[in-house]
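K.L.:
I need the structure of the sequence given here:
(chains A and B)
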2 protein chains.
Amino acid sequence: MRASEIRELMKLASRPDIVSFSGGMPGPELFPVEEIDEIYSGLPLSVKRDALQYGPTPGYPPLIESLKTYLKSRGLSLDGNRILITTGSLQAIYLTAKVFLDPGDRVVTEDPTFIGAIAAFRSFQVKLDGVPLDDDGIEMNGFVQQLDSKPIPKLAYLMPNFNNPAGLTMSRKRRIEVIETLKRRDIVLLEDDPYHELYFDESDRELVTPIKALAEESFPICYAGSFSKMIGPGMRLGWLLAPDEISLQCEIAKQSVDACSPTFTQVLAHSFLSQGKLDPYLKRLRIAYARRAASILKSLDAHMPDGVIWTKPRGGFYVWVTLPKGLDASEVFTASVNRGAAFVVGKAFDPQGIRNNHLRLSFSNPPEDQIEDGIRIIAGVIKEQMKK
Amino acid sequence: MRASEIRELMKLASRPDIVSFSGGMPGPELFPVEEIDEIYSGLPLSVKRDALQYGPTPGYPPLIESLKTYLKSRGLSLDGNRILITTGSLQAIYLTAKVFLDPGDRVVTEDPTFIGAIAAFRSFQVKLDGVPLDDDGIEMNGFVQQLDSKPIPKLAYLMPNFNNPAGLTMSRKRRIEVIETLKRRDIVLLEDDPYHELYFDESDRELVTPIKALAEESFPICYAGSFSKMIGPGMRLGWLLAPDEISLQCEIAKQSVDACSPTFTQVLAHSFLSQGKLDPYLKRLRIAYARRAASILKSLDAHMPDGVIWTKPRGGFYVWVTLPKGLDASEVFTASVNRGAAFVVGKAFDPQGIRNNHLRLSFSNPPEDQIEDGIRIIAGVIKEQMKK
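P.N.:
Reported below is the predicted structural model:
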């Protein structure tokens, strides 16, 4: 998908007369504005000055410490690993790509996969090979086949939790299979986990345990996390937790890219973690997004014609809709936008940029009371196009 | 210079028992904390929410508008050009490099030149050719010779105002010569201008007119600017003002690097500009840095032995010291640090990373009352090493 198309999409997503399921953006009314106000007004002068100053390339030291505590609480070991604070988790992906990839290299991804990762990898002129997902995650036969195809891939890129765009989550059993498979091949895994905290049901807390936490350093895993869905993407803060040597190489790469991530927002994020504001906020978020997910799933049930299927997310932001044979997502898009509803077409998430029989519906951003109206519009368009 | 060495330097720079002339960092007590407090507390809820959200890749739209007004007031035309807000001006350099450079390409720079630009260019495996500076700026004979050497360079990179690290400023006459030379060759100029506003004397306001403003679009110029020295580097905000087509390519590159720059600090920067806080703040800054410059120059005069020479900056952050023949900056550095003063050794700014008979002294960061003590230490070490 071309950048100009993405720009157009983003413009549409901000039109007030359109119900937008396009952007992977948090609901603005859910942002922790009160918490940030409280944090900012409590900062001493010396810390406000630090917030305006350059910080070390790996990150604002107090944030690195509070993030270590947080990551340990999520089962991740820091032994032999270093944290690099990045300008959004996309930068963690980009820096890993910059360190590992040369033109002509191969990267194995899920299919569908994150549009930003596709852009980052493609910017190094590599070949992307996608492996389809089933209900348990990446299909193992296809995965093994791609890993063993020549040239041997430099990276495997996976988003096991509430995958963007499919909303699917890898089962524990599949995670273990992935570990066993990669361990024997010594291929670096880039595990992208921005939606980690956004499970809808407390009973899924175990399910989301990162592959990195399960793998016990049996092979190199670069783990990318994000404050975008835990505080807000406008902070532009993420992190890369990676084995020492890889992390240092990424740090050197970062010195040439932007030198350091914003100290101003790192100061705020540190207080958010260290003042215990994260857990109560996440509780609120999980309830709110679970309601929106329930609302969109109910609307899809009520309005979509037979022959259309979709995923049932246990967390995150997305539902992935599969159109009946013969329908094209771009045609559904054009007609839907004319009637007031937008989404992202499937080909944006195809590593090859071709297959276009899916819609990604993001339920995180539109107000809950508009979800049904939006789905009714899209369902109406699909019904009409099925008759053609 | 290796990244590990730079890390060590930065650690030293933060030791309280060391007078550090190392970092190109603003003096923390000069940061506009009161202005930022006032801006933040005046933001309506809807804007605070915007501050936490993703923004468009080119930048937060109100900031782009207020920046346009600012740039026009500095003589820059926006016709045929677009603004891209970047994560520090280093990212503007990096993105330009990413768009233009392939392994084996050549870039012509000043010698000495900015360490971050060296890192950004080198990360694309290009060859850097430095051209010495005289009192008027880049030496024209050497510049022309490098521009005409094969393979023809893809970029010329210049910092005409208060150059980092030399503190030198290109004369108006030399700027015109540079324009005439590049115009006839159609080589892209990357003009880096982070210290633009930090002239010490109001009479130099004309002197700092960017090459881009003088060249009237007669050839492509990518102009990189920064909020780091106008508000604070912890904001991580800069910009690239470039011809439409180049700017769009850089925007696409940015989509794979970090998607957008921090909205949070863009919101603050917009208010800083639009509420008229910039000009009064710059007046304060110019007075403060002029005093520090006067103080370091006086100390150098008082303590440095004959045979040591240095530049006399008219603005910016830096004095560039040339050691007598036979002395090595790294040896001076080691002995100085042991006695309590630090700086950056010259080879860090040599495009080839070799020549080491210079010191970069940054006078922006140390408190004014420590400047003389620090210079006395360094001068003492140089005197001793001259006797050997």
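
K.L.:
quick check: mean pLDDT across stretch A:311-319?
P.N.:
Stretch A:311-319 carries an average pLDDT of 98.

K.L.:
how far is that stretch from where the chain is centred?
P.N.:
12 Å (CA atoms, centre = their mean, to the nearest Å).

K.L.:
got it, and stretch A:179-194?
P.N.:
That offset, for stretch A:179-194, works out to 17 Å (CA atoms, centre = their mean).

K.L.:
List the buried residues of it.
P.N.:
A:179, A:181-182, A:187-194 (16 or more other CB atoms under 10 Å in any protein chain shown). (Glycine included, C-beta is placed from N, CA and C.)

K.L.:
Then stretch A:145-162?
P.N.:
A:146-147, A:153-162.

K.L.:
and that stretch, what's its mean pLDDT?
P.N.:
Mean predicted lDDT for stretch A:145-162 stands at 98.

K.L.:
Need the CA coordinates for that stretch. PDB is fine.
P.N.:
What follows is stretch A:145-162, C-alpha atoms only, in PDB (Å, rounded to 0.1, in the frame of the first residue of the first chain):
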ATOM      1  CA  GLN A 145       9.100 -24.200   5.700                       C
ATOM      2  CA  GLN A 146       9.800 -20.500   5.500                       C
ATOM      3  CA  LEU A 147      12.500 -20.700   8.100                       C
ATOM      4  CA  ASP A 148      14.300 -23.400   6.200                       C
ATOM      5  CA  SER A 149      14.000 -21.800   2.800                       C
ATOM      6  CA  LYS A 150      17.200 -20.300   1.400                       C
ATOM      7  CA  PRO A 151      18.500 -17.800   1.900                       C
ATOM      8  CA  ILE A 152      17.900 -18.500   5.600                       C
ATOM      9  CA  PRO A 153      15.900 -15.500   7.000                       C
ATOM     10  CA  LYS A 154      17.600 -13.000   9.300                       C
ATOM     11  CA  LEU A 155      14.600 -12.400  11.400                       C
ATOM     12  CA  ALA A 156      11.200 -13.900  12.300                       C
ATOM     13  CA  TYR A 157       8.700 -11.200  13.300                       C
ATOM     14  CA  LEU A 158       5.700 -12.100  15.400                       C
ATOM     15  CA  MET A 159       3.000 -10.300  17.300                       C
ATOM     16  CA  PRO A 160       1.600 -13.100  19.500                       C
ATOM     17  CA  ASN A 161      -0.900 -11.000  21.500                       C
ATOM     18  CA  PHE A 162      -4.100  -9.600  19.900                       C
END
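
K.L.:
returning to that earlier point: now the buried residues of stretch A:145-162 as CSV including distance to A:Asp111 and secondary structure?
P.N.:
As requested, these are exported to CSV (distance: CB to CB, whole Å; DSSP: H, G, I helix; E, B strand; the rest coil):
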residue, distance to A:Asp111, secondary structure
A:Gln146, 10, helix
A:Leu147, 14, helix
A:Pro153, 14, coil
A:Lys154, 18, coil
A:Leu155, 15, strand
A:Ala156, 13, strand
A:Tyr157, 11, strand
A:Leu158, 11, strand
A:Met159, 12, coil
A:Pro160, 15, coil
A:Asn161, 17, coil
A:Phe162, 17, coil
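
K.L.:
and the closest residue to A:Gln249 other than its chain neighbours, what helix or strand is that in?
P.N.:
Spatially, and ignoring its direct neighbours in sequence, A:Gln249 is nearest to A:Val99 (4.6 Å; CB to CB, 6 or more residues apart in numbering or on different chains). Using DSSP states H and E, A:Val99 maps to helix A:89-100.

K.L.:
from the chain's centre, how far out does that helix sit?
P.N.:
14 Å.

K.L.:
Would you point out the helix or strand in chain A whose mean pLDDT is lowest?
P.N.:
The weakest-scoring helix or strand in chain A, judged by mean pLDDT, DSSP states H and E, is helix A:3-13 (a mean of 64).

K.L.:
Please state the mean pLDDT value computed over the helix or strand just after that helix.
P.N.:
Downstream of helix A:3-13, the first helix or strand assigned by DSSP H and E is strand A:19-20. Mean per-residue pLDDT for strand A:19-20: 94.

K.L.:
Give the pairing partners of strand A:19-20; include direction for each.
P.N.:
Using DSSP bridges, strand A:19-20 pairs in its sheet with strand A:341-342 (parallel).

K.L.:
Other residues contacting the strand it pairs with?
P.N.:
Strand A:341-342 is contacted from outside by A:9, A:12-13, A:18-22, A:333, A:336, A:373-375, A:377-378, using CB atoms under 8 Å, 6 or more residues apart in numbering or on different chains.

K.L.:
if you set the cut-off to 6 Å instead, what comes out?
P.N.:
A:12, A:18-20, A:22, A:374, A:377-378 (CB atoms under 6 Å, 6 or more residues apart in numbering or on different chains).

K.L.:
Out of the buried residues of stretch A:179-194, which are close to chain B?
P.N.:
Among the buried residues of stretch A:179-194, no residue lies close to chain B (CB under 6 Å from any CB of the partner chain).
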